[in-house]
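[1] Quick one: sequence and predicted model below, then my questions.
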Amino acid sequence: YMSIRYDALGWVFLQQGRVDSAQKYLEMAYRLDDGNRKLVYHIGRLHDELGAEQKAQMYYEQGFGMKGSGLNPHKAALKEQYKELHGSMDGYSRYFASLKTEKEAQQKLKVLTTWKENPRSIKSFKLPLMGGDSLASSQLTGKITVINVWGTWCGPCVKEMPEIQKLSQRYDEQ
């Protein structure tokens, strides 16, 4: 809770051009919560203002892979910074693609490590499949499995189905 207050105060100071005060509060907020995407963006902007472009880029790259609500401001910041540092957008698509691949690999490793270290058992079940077959939980033993419970009446559930399908196809290939 305090990190949110410090972040807000630091961001206001930064908008007012009071960089020293902004730095004090944003760094205090970051020490309390380095997993807040908006705060990481604010820290990146602070370092842009301080002329520490490489440090700003580090924060934008950190925030690029973070989940959060709304648009991710780190993507636009990275694009803006790339153009400023390189004088053009030549090579940006390669840079962005490699960053995206790296962040996805980090996220995958994090998920796999967490679940392999602390696997959770589920209650036995048997589900009907399309086509008349069925799937028993015993068939999934030793496999990493995603179970997505949804309903046709649930708008967000239906909207996410193409992403679930892409995820399935992507990992079926591996």
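    Alright, I've got the coordinates. Numbering: from 1, shown residues only.

[2] Go ahead and report the secondary structure state at the most centrally placed residue in the chain.
    Closest to where the C-alpha atoms of the chain average out (Cα atoms, centre = their mean) is M66, at 2.4 Å. Following DSSP: H, G, I helix; E, B strand; the rest coil, M66 is assigned to coil.

[3] and the residue lying closest to it once chain neighbours are set aside, what does it touch?
    Of all residues not flanking M66 in the chain, R37 sits nearest, at 4.1 Å (Cβ to Cβ, 6 or more residues apart in numbering). Every C-beta, even on glycine, is put in place using the N, C-alpha and C of the backbone. R37 makes contacts with 63, 66-68, 72, 74, as judged by Cβ atoms under 8 Å, 6 or more residues apart in numbering.

[4] Could you list the low-confidence segments of this protein?
    115-116, 173-174 (pLDDT under 70).

[5] separation between the residue of it most remote from its centre and R31?
    What lies farthest from the middle of the chain is G132; by Cα atoms, centre = their mean that is 38.4 Å. Distance of G132 to R31, computed by Cβ to Cβ, to the nearest Å: 57 Å.

[6] where along this structure do the strands fall?
    For the chain, the strands defined by DSSP state E cover 126-128, 134-136.

[7] circling back: can you tell me which of the contacts of R37 lies nearest to Q139?
    Distance to Q139, by Cβ to Cβ, is smallest for K67 among the contacts of R37, at 30.8 Å.
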